[in-house]
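> the sequence and its predicted three-dimensional model are supplied below.
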Amino acid sequence: MIPADPALTICARGLSRSFGTHVAVKPLDLDVRRGEVVGLLGPNGAGKSTTMQMLTGNLAPGSGEIRICGIDLLESPRQAKARIGYLPETPPLYRELNVREYLDLVAKLHRMPKAQRAEAVISAMARCGLADTGRKLIGTLSKGYQQRVGIAQAIVHEPDVIILDEPTVGLDPNQILDIRRLIRELGERHSVILSTHILPEVEAVCDRVQIMHHGEIVFSNTIAGLREFQSGRTMIVGLQHPPAADALAAIPGVEHVETDGEGRFRVRFAQDSDPSAALLSAAAAHNWGLQQLTPARSSLEDVFVQLTRDDAAEDAAAA
């Protein structure tokens, strides 16, 4: 039983799903608070889409419990789904309708009172940059504008929870910036789960990152925590007269060395080791001219590759 917590808009416990003998999602727990934007990442086949489909009630979980704003999604699906706005990877658009007609239909499906629908449609169009497209047929719009319509349908009923699967696919750079601003705005009043393969986008708009690997969450931390991930085990070493990387790799306690520009190296320490003193001694003894010795800050790409590199190796082997 999930304990009541009014601060949580999404609370999942022991959530899992299998397809035959294939385990797509292993039992996992997930919490999202109001005013929080969470980035859900992972390589293809990691279980992201399956997880999002379970959270939105589009796929029944094999096991586990999901509560949306305290409402059990399995026991009271209609009430729980009324709190959710969902943009799947392929937006659910009716190409033969114009934008205003379509958004009005979506508002009706969400059982919004007639007196509120017109204002809600206008607001959603304005927030998504669609104010001048209300009378245009969706089928005549560019892919970027169709994506905007997809986001508008996810927010037209002012849901507490917004789940966006690849929301900036097909958008040009200016449109991407607009959607990022919109996601940040949505995160001020709603809970947002964002799935994307554009890693800088996650760092730009998300408060917290969850990385999935083989159907389970292998990393969960804030963006600030991400930047400190394993930074204590990696140093940037700058040398005026740099040796070959092998010379640094031979220092006891050094696990791996990468060239990071002219005269700069990214040095990763072995677990429970700190060869800083040995690096200082070696630099002085061999006249390398030490100019920099600072902790490295991990990027989201660094963490993602480190935690999911087995997937890439297995895919290459299978190919």
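Done, it's in.
> where do the strands sit along the stretch 201-319 of the chain?
208-213, 216-222, 234-239, 254-259, 264-269, 290-295 (DSSP state E, counting those that start in this stretch).
> CA-only coordinates of the fifth one in CSV, if you can.
Yep, that's strand 264-269 we're talking about. C-alpha atoms of strand 264-269 as CSV (Å, rounded to 0.1, in the frame of the first residue of the first chain):
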residue,chain,number,x,y,z
ARG,A,264,45.3,18.0,-20.9
PHE,A,265,44.2,14.6,-19.7
ARG,A,266,41.1,13.2,-18.0
VAL,A,267,42.4,10.8,-15.4
ARG,A,268,40.1,8.3,-13.7
PHE,A,269,41.1,6.8,-10.4
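> who's in contact with that strand?
Contact with strand 264-269 is made by 233-239, 242, 245, 248, 253-260, 275, 279, 292, 296, as judged by C-beta atoms under 8 Å, 6 or more residues apart in numbering. For the C-beta atoms, the positions are set from N, CA and C on the backbone; glycine is no exception.
> buried residues in that strand, which are they?
265-267, 269 (16 or more other C-beta atoms under 10 Å).
> include distance to V99 and pLDDT when you put those into TSV, please.
Shown next, in TSV, are these (distance: C-beta to C-beta, whole Å; pLDDT from 0 to 100):
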residue	distance to V99	pLDDT
F265	54	94
R266	49	88
V267	55	90
F269	56	84
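> rewinding a little: most tightly packed of the strands of the stretch 201-319 of the chain?
strand 208-213 (a mean of 23; mean count of other C-beta atoms under 10 Å).
> now stretch 272-291: buried residues?
275, 279, 282-283, 288, 290.
> show me what contacts I198?
Residues in contact with I198 (C-beta under 8 Å, 6+ apart) are T168.
> secondary structure element for Q175?
Here Q175 is covered by helix 173-189, with elements defined by DSSP states H and E.
> that helix: what's the following helix or strand?
Later in the chain than helix 173-189, the nearest helix or strand by DSSP H and E is strand 191-195.
> give the buried residues for that next one.
For strand 191-195, by 16+ other C-beta under 10 Å, it's 191-195.
> tell me the one of the buried residues of stretch 272-291 nearest P43?
P275 (32.4 Å; C-beta to C-beta).
> give me the spatial nearest neighbour of that closest one, chain neighbours excluded.
G253 (3.3 Å; C-beta to C-beta, 6 or more residues apart in numbering).
> tell me the contacts of that neighbour?
269-270, 273-275, 278.
> among these, which pair sits farthest apart?
A270 and A278 (11.9 Å).
> residue closest to the middle of this protein?
Centroid-nearest residue in the chain, with C-alpha atoms, centre = their mean: G39, separated by 2.2 Å.
> distance-wise, check that residue relative to R100.
32 Å (C-beta to C-beta, to the nearest Å).
> how about V305?
Distance of V305 to R100, computed by C-beta to C-beta: 44 Å.
> repeat that for T51.
33 Å.
> who's more crowded, those two?
T51 (29 against 17; other C-beta atoms under 10 Å).
> ok, the more buried one - contacts?
Counting by C-beta under 8 Å, 6+ apart, T51 has contacts 15, 25, 28, 30, 40, 212.
> so what's the gap between the helix or strand harbouring it and the chain middle?
In the assignment (DSSP H and E), T51 maps to helix 48-55. Centroid separation for helix 48-55 versus its chain: 13 Å, with C-alpha atoms, centre = their mean, to the nearest Å.
> where does the stretch 1-150 of the chain dip in pLDDT?
For the stretch 1-150 of the chain, applying pLDDT under 70 flags the ranges 1-4.
> if we use 80, what do you get?
Applying pLDDT under 80 to the stretch 1-150 of the chain flags the ranges 1-6.
> all strands of it, in order?
Going by DSSP E, counting those that start in this stretch, the stretch 1-150 of the chain shows strands at 8-19, 22-33, 37-41, 63-68, 71-72, 84-87.
> which residue, other than its chain neighbours, is closest to D160?
R83 (4.5 Å).
> go ahead and confirm that neighbour touches I162.
No: at 10.0 Å, R83 does not count as touching I162 under the criterion of C-beta atoms under 8 Å.
> ok, what's across the strand from R33?
Taking DSSP bridges, one finds L8 as the beta-bridge partners of R33.
> so what's it up against?
For R33, counting by C-beta under 8 Å, 6+ apart, the contacting residues are 7-9, 191.
> number of nearby residues for C128?
The burial count for C128: 25, using other C-beta under 10 Å.
> measure G139 to L93 for me?
8 Å.
> ignore what I typed, I meant Q291.
56 Å.
> who's the closest residue to S220 other than its chain neighbours bridged to?
Among residues not flanking S220 along the chain, Q210 sits closest, at 4.9 Å (C-beta to C-beta, 6+ apart). For Q210, the beta-bridge partners are L40, S220 (DSSP bridges).
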